[in-house]
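Novice: Give me a 3D structure for the following:
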Amino acid sequence: MQDDPLFFRVELDGLVDRKALFDAQDALMHHPEYPHKNALWIVKEDFLCGFSEVDLIVALERIKTLWHREATKKKSAFFAPDGFHYALAKLFCEEVERRDLPFKIKPFMNLQEAEAWLMKDGAE
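Specialist: Numbers count the residues shown, from 1 in each chain. Down below sits the predicted model:
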């Protein structure tokens, strides 16, 4: 995880199993600025999904459980450079909407568009 001045950057590369997914999530969610800073998740071309659908659901529930009532964070973006990884990110974002998370998550295939969206005010 990188603490960019404007938002957090989390890169997913290589084989990411349940432990690696939860470790990345923990590093992000326990950062003191997490409740107030948007995040960009970057899915690298060599990313291999080694976690299950159940693991993703647990990750979403962890967000809801650890959410701060005073939080001002409005959104996270997923950048996925290819069609397969973008499709996975899109499915994840759709699940986020169904589970009514306290902020918006949106997938992108263009890094500059993802960064621009994160820097805009609001969660449109």
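Novice: Tell me the spacing between residue 17 and residue 47.
Specialist: 12 Å (CB to CB, to the nearest Å). For glycine as for every other residue, the C-beta is placed from the backbone atoms N, C-alpha and C.
Novice: Looking at the two, which one has more neighbours?
Specialist: Taking neighbours as other CB atoms under 10 Å, residue 17 and residue 47 compare with residue 47 leading, 20 against 14.
Novice: Identify the residue nearest the geometric centre of this structure.
Specialist: Centroid-nearest residue in the chain, with CA atoms, centre = their mean: residue 41, separated by 4.8 Å.
Novice: Any idea what it is bridged to?
Specialist: residue 10, residue 78 (DSSP bridges).
Novice: Does it touch residue 10 like I think?
Specialist: Yes - with contact defined as CB atoms under 8 Å, residue 41 and residue 10 form a contacting pair (5.0 Å).
Novice: packing partners for the worst-scoring helix or strand of the chain on mean pLDDT?
Specialist: Least confident helix or strand, the chain: strand 2-3 with a mean of 84, by mean pLDDT, DSSP states H and E. Applying 3 or more CB pairs under 8 Å, 6 or more residues apart in numbering; DSSP states H and E, we find strand 2-3 packed against strand 8-12.
Novice: Lovely, talk soon.
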